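Novice: below are the sequence and a predicted model for it; my questions follow.
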Amino acid sequence: MNCFVTGASGFIGANLVHELAARQHRVKALLRPGCDLRGLAGAEFERLEGDLSDAARLTAALRGCEWCFHVAASYHLWLRDYRPMYAANVEGTRTVIQAAAAAGCQRIVYTSTVGCLALPEPGAGPTPPVDETAVAGESQMVNHYKKSKWQAEQVALRLARDGCPVVIVNPSAPVGPRDVKPTPTGQVIVDFLNRQMPAYLDTGLNYVHVRDVAAGHILAAQRGRIGERYILGHADGNWTMRQAFAVLEEITGIRAPRLRIPHAVALGAAGISEALARLTHRPPKAPLAGVRMARYKMFFNPAKAIRELGLPQTPPRQALADAVAWFRQNGYVTRGG
């Protein structure tokens with residue numbers, strides 16, 4: 001297939017380009033000028049420089065492509081001005097999907113996030129994993145990133161109802177190689193390896209190998225039902241932060257943190273961090289949005305994607321081990337980790 005990928009230099013995007021090329025698909029990648037291409041090293045693709053706002057250029061570039069993967073997104077938990085993030089995530093999604101439909105793409109896979117799903121309020125008992133039926137309203141989006149992605153997902157759903165061949169995928173917490181930036185989850189692993197993680201918050205994520213997430217995108221193009229959402233996660237990947245650190249300790253031999261920070265203390269520290277950020281114009285180390293999200297255990301049930309798409313299920317322990325190996329091999333570890 002001839003494939004078009006936005007956000008190809010990002011964590012999921014780069015792994016998707018590698019997976020498409022490995023399956024002998026031809027890839028045209030939309031990249032911003034000057035972006036970091038380390039994640040794409042060794043992959044075969046055609047480069048197209050541009051952005052999400054140029055509808056005419058996108059439509060021309062998409063002609064002849066059977067599949068479009070819209071992975072690009074602006075992901076920030078703190079900005080002085082959030083308007084550019086809404087423009088990229090919401091209007092950019094509308095522009096890409098409409099351009100792909102106008103160009104005649106057979107399938108348009110939109111990369112959303114599990115952050116658009118409704119989570120149960122924290123309680124004393126076990127946290128049940130949620131699936132695609134956990135519909136959330138905009139009022140439940142607790143920060144601008146989640147709100148912008150929720151609005152973008154609504155755009156994708158409306159365009160699917162209007163006849164665009166859109167399939168939506170909602171990745172959980174991917175880990176693995178080529179996490180160049182790194183992502184917030186990857187940064188936790190880097191900090192752990194550098195012994196800069198003295199304590200942890202009582203939160204939880206659904207860990208999934210980034211390679212499985214990339215494969216899930218391709219499977220969504222092949223088998224996904226138009227207008228449907230698919231959680232790309234792991235059935236056994238719902239781990240608390242304490243459980244994830246215990247696995248990292250087994251993999252690396254580095255002692256996991258034993259001290260748990262109360263959420264109230266973390267919120268106070270984040271508030272101070274953001275106040276300083278407003279003075280220094282530098283992003284806060286711990287944004288309030290991230291700490292507020294950590295109140296929830298983000299556990300998910302990917303049974304629909306496993307059943308309908310055949311989503312691979314690489315063990316989460318292997319995902320963490322592959323991430324550790326990649327960070328070590330690529331110079332992210334500076335303190336003997």
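Specialist: In hand now; what should we look at? Residues are numbered from 1 along each chain as shown.
Novice: and Ala286, what's its pLDDT?
Specialist: Listed pLDDT for Ala286 reads 69.
Novice: please enumerate the strands of the stretch 1-150 of the chain.
Specialist: For the stretch 1-150 of the chain, applying DSSP state E, counting those that start in this stretch gives strands covering 2-6, 26-31, 46-49, 67-70, 107-111.
Novice: helix or strand right after the helix or strand bottoming out on mean pLDDT in the chain?
Specialist: Lowest on mean pLDDT, DSSP states H and E among the helices and strands of the chain sits helix 288-293, with a mean of 68. Note on helix 288-293: by DSSP states H and E, the next helix or strand toward the C-terminus is helix 303-309.
Novice: low-confidence ranges, the stretch 1-150 of the chain, go.
Specialist: Counting by pLDDT under 70, the stretch 1-150 of the chain contains low-confidence ranges at 124-125.
Novice: can you give me the helices in it?
Specialist: Under the criterion DSSP state H, counting those that start in this stretch, helices of the stretch 1-150 of the chain are mapped to 11-22, 55-62, 83-86, 92-102, 144-161.
Novice: which helices and strands does the longest one pack with?
Specialist: In other words, helix 144-161. Applying 3 or more C-beta pairs under 8 Å, 6 or more residues apart in numbering; DSSP states H and E, one finds that helix 144-161 makes contact with helix 83-86, helix 92-102, strand 107-111, strand 166-171, helix 288-293. Bear in mind the C-beta positions are built from the backbone N, C-alpha and C, glycine included.
Novice: can you put those in CSV and add mean neighbour count and distance to Asn330?
Specialist: Rendered in CSV, the data for the helices and strands packed on helix 144-161 read as follows (neighbours: other C-beta atoms under 10 Å; distance: least, C-beta to C-beta, whole Å):
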stretch, mean neighbour count, distance to Asn330
helix 83-86, 14, 28
helix 92-102, 23, 29
strand 107-111, 27, 24
strand 166-171, 26, 22
helix 288-293, 19, 24
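Novice: nearest to Pro262, out of these?
Specialist: Smallest distance to Pro262 across the helices and strands packed on helix 144-161 (C-beta to C-beta): 11.1 Å, for helix 288-293.
Novice: what about the closest residue to Leu58 other than its chain neighbours, distance to Pro122?
Specialist: The spatial neighbour of Leu58 that comes closest, neighbours along the chain excluded (C-beta to C-beta, 6 or more residues apart in numbering), is Ala99 at 3.9 Å. Distance, Ala99 to Pro122, by C-beta to C-beta, to the nearest Å: 41 Å.
Novice: equivalent analysis for Asp191, please.
Specialist: Distance, Asp191 to Pro122, by C-beta to C-beta: 24 Å.
Novice: these two - which one has more neighbours?
Specialist: Asp191 (15 against 12; other C-beta atoms under 10 Å).
Novice: nearest residue to Ala319 in space, please, no chain neighbours.
Specialist: With sequence-adjacent residues excluded and distances taken as C-beta to C-beta, 6+ apart, Ala319 is closest to His209, at 3.8 Å.
Novice: gap between the one you found and Arg63?
Specialist: From His209 to Arg63 the distance is 34 Å (C-beta to C-beta).
Novice: do the same with Val135
Specialist: From Val135 to Arg63 the distance is 35 Å (C-beta to C-beta).
Novice: tell me, how many residues neighbour the residue lying closest to Val166 once chain neighbours are set aside?
Specialist: Computed as C-beta to C-beta, 6+ apart, the closest residue to Val166 that is not its neighbour in sequence is Ala160, at 4.0 Å. Neighbourhood size, Ala160 [other C-beta under 10 Å]: 21.
Novice: contacts only, for Ala160.
Specialist: Shown in contact with Ala160 (C-beta atoms under 8 Å, 6 or more residues apart in numbering): Val166, Ile168, Ile226, Gly227.
Novice: so His209 and Arg63 - more neighbours on which side?
Specialist: In this view His209 and Arg63 are compared by other C-beta under 10 Å, and His209 has more residues nearby, 26 against 13.
Novice: thought that one was touching Arg178?
Specialist: No - with contact defined as C-beta atoms under 8 Å, His209 does not count as touching Arg178 (11.8 Å).
Novice: mind checking which of the helices and strands packed on helix 144-161 is nearest Gln222?
Specialist: strand 107-111 (8.0 Å).
Novice: mind giving me the packing neighbours of the closest one?
Specialist: Against strand 107-111 (3+ C-beta pairs under 8 Å, 6+ apart) you get strand 67-70, helix 92-102, helix 144-161, strand 166-171, helix 210-223.
Novice: work out the gap between stretch 20-28 and the centre of the chain.
Specialist: Its chain's average C-alpha position is 21 Å from that of stretch 20-28, according to C-alpha atoms, centre = their mean, to the nearest Å.
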